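Undergrad: Sequence first, predicted coordinates after that:
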Amino acid sequence: MTPRALIDVGTPREKALMIGAPRKGSDDARHVDEHLEELARLADTAGAEIVGAVVQVVQSPAPDLFIGKGKVEEVRQKILDLGATMVLFDEELSPNQGKNLEQELKVRVMDRTELILDIFALRARSAEARMQVELAQLEYLLPRLARMWTHLSRIRGGIGLRGPGETQLETDRRMIRNKISQLKKKLGEVAEHRGRMRSRTADRGVKRVTLVGYTNAGKSSLLRALTRAEAHVEDRLFATLDTQSRETVVNGERLRFTDTVGFIRKLPHGLVASFRATLEEALESDVLLHVIDVSHPQWEEQAEVVMDVLDQAGAGKARIVAVLNKADQLESNERERVLRVAEDMGSQAVLVSATKRTGFEQLAAVLSE
């Protein structure tokens with residue numbers, strides 16, 4: 001099975017209605033507008049057009065529909081008024097909630113996790129990335145298989161579908177479990193190969209530097225500027241999915257820079273697990289460059305998302321350098337404040353601009369240390 005998009009991207013584009021349903025008193029509730037703006041960018045990357053949004057702050061998610069029945073009626077009316085063909089939830093839905101919402105609203109319902117999986121399916125290019133995405137998709141699909149009968153042919157690829165029914169459902173579940181097992185085995189072999197390659201790099205005396213950061217922070221632009229090599233750059237979330245490595249000499253020392261997939265808030269657990277080999281590549285580097293887009297109004301929150309993932313993975317802060325990218329877009333008095341805030345997070349910080357190629361001498365000095 002080759003991973004394929006869950007949204008059919010065509011002409012005209014799918015028209016999506018967004019729903020935000022953060023818990024009362026949570027950080028998500030305080031920043032719901034910013035989170036929906038990010039969901040809209042994710043939808044644009046996947047190929048959907050946003051036609052409207054509905055917000056309900058919930059005390060706790062309803063077990064059957066996540067949001068209240070009155071709000072479901074409001075959403076149903078908005079779907080009719082706006083001509084929406086699908087609904088995007090900014091929260092993760094249980095299989096039962098997704099099924100019930102689709103029955104009530106009569107349109108396709110996708111949660112944030114499924115949307116991110118869709119984008120990864122569109123963006124994966126290398127064999128390893130495709131296997132990682134396929135594994136995450138299958139693990140997401142397995143508990144939702146019964147609900148997916150109505151649109152299963154869009155995403156199933158090589159898994160046969162001869163007709164709905166309990167017997168066929170069980171057959172498909174067994175086939176998916178077997179495929180998951182095979183993919184985990186293959187990815188384990190890839191991880192072993194990565195380990196051997198890292199050993200060879202170390203034997204050559206090459207220092208390893210890995211770029212990590214929130215999606216669209218400018219990691220690929222920085223990689224291209226540091227190594228003067230071509231790297232795909234696009235102003236979209238998850239523009240780069242496949243790992244890219246380039247070697248160059250900095251202050252007389254040979255360094256190998258590796259770009260990684262960007263992080264994002266509410267990153268699906270299945271994707272984190274599937275991309276563990278890529279994360280291990282970062283953790284075993286000599287230095288981690290945490291690239292931060294300081295021109296973004298929520299850059300501090302984005303930086304904390306990345307640091308939380310790195311902390312959970314066991315990365316030591318001593319090896320992390322905060323690269324404050326797009327500093328050319330800040331006023332001079334704002335730069336000092338940004339530096340102080342970044343250093344308070346526990347990392348050495350450097351102000352740079354990948355596009356203007358400024359701050360590189362200071363970054364090179366830090367790397368030489």
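TA: Okay, I see it.

Undergrad: in stretch 170-189, what counts as buried?
TA: When neighbours are counted by 16 or more other C-beta atoms under 10 Å, the buried residues of stretch 170-189 are found to be 172, 175-176, 179-180, 183, 187. For every residue, glycine as well, the C-beta is placed using N, CA and C.

Undergrad: Among the residues you listed, name the ones in helices.
TA: 172, 175-176, 179-180, 183, 187 (DSSP state H).

Undergrad: which of those lies closest to residue 254?
TA: Relative to residue 254, the closest of those is residue 187; by C-beta to C-beta it sits at 29.4 Å.

Undergrad: Report the spatially nearest residue to that closest one, omitting neighbours in sequence.
TA: In space, and not counting its chain neighbours, residue 187 is closest to residue 131: 5.8 Å by C-beta to C-beta, 6 or more residues apart in numbering.

Undergrad: How much space separates the one you found from residue 172?
TA: Separation of residue 131 from residue 172 (C-beta to C-beta, to the nearest Å): 20 Å.

Undergrad: about what we covered before: reformat the buried residues of stretch 170-189 as TSV; add distance to residue 355.
TA: Shown next, in TSV, are the buried residues of stretch 170-189 (distance: C-beta to C-beta, whole Å):
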residue	distance to residue 355
172	48
175	48
176	44
179	43
180	42
183	38
187	35
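
Undergrad: Any chance of these in CSV with distance to residue 58 and pLDDT as columns?
TA: Below are these laid out as CSV (distance: C-beta to C-beta, whole Å; pLDDT from 0 to 100):
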residue, distance to residue 58, pLDDT
172, 34, 81
175, 37, 87
176, 32, 86
179, 36, 90
180, 33, 89
183, 36, 89
187, 37, 82
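
Undergrad: quick check, distance from the strand or helix carrying residue 18 to the centre of its chain.
TA: Using DSSP states H and E, residue 18 falls within strand 14-20. Strand 14-20 sits 19 Å away from the centroid of its parent chain (C-alpha atoms, centre = their mean, to the nearest Å).

Undergrad: Can you tell me what sits against that strand?
TA: Strand 14-20 is touched from outside by 7-8, 32, 35-36, 39-40, 43, 47-56, 67, 75, 78-79, 82-91, with contacts defined as C-beta atoms under 8 Å, 6 or more residues apart in numbering.

Undergrad: Narrow those residues to those in helices?
TA: Going by DSSP H, the helices hold 32, 35-36, 39-40, 43, 75, 78-79, 82 from the contacts of strand 14-20.

Undergrad: which of those count as buried?
TA: 32, 35-36, 39-40, 43, 75, 78-79.

Undergrad: Which of the three states applies to residue 346?
TA: With DSSP: H, G, I helix; E, B strand; the rest coil as the basis, residue 346 sits in coil.

Undergrad: Report pLDDT for it.
TA: With respect to pLDDT, residue 346 scores 75.

Undergrad: Export stretch 45-56 to CSV, keeping only CA atoms.
TA: The C-alpha trace of stretch 45-56 is given here as CSV (Å, rounded to 0.1, in the frame of the first residue of the first chain):
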residue,chain,number,x,y,z
THR,A,45,-1.5,22.7,2.2
ALA,A,46,-3.8,19.6,1.9
GLY,A,47,-5.8,21.2,-0.9
ALA,A,48,-9.0,22.3,0.8
GLU,A,49,-10.6,25.7,0.8
ILE,A,50,-11.9,27.1,4.2
VAL,A,51,-15.4,28.6,4.0
GLY,A,52,-16.1,29.2,7.6
ALA,A,53,-15.5,28.4,11.3
VAL,A,54,-17.5,27.4,14.4
VAL,A,55,-16.2,27.6,17.9
GLN,A,56,-17.6,26.0,21.1
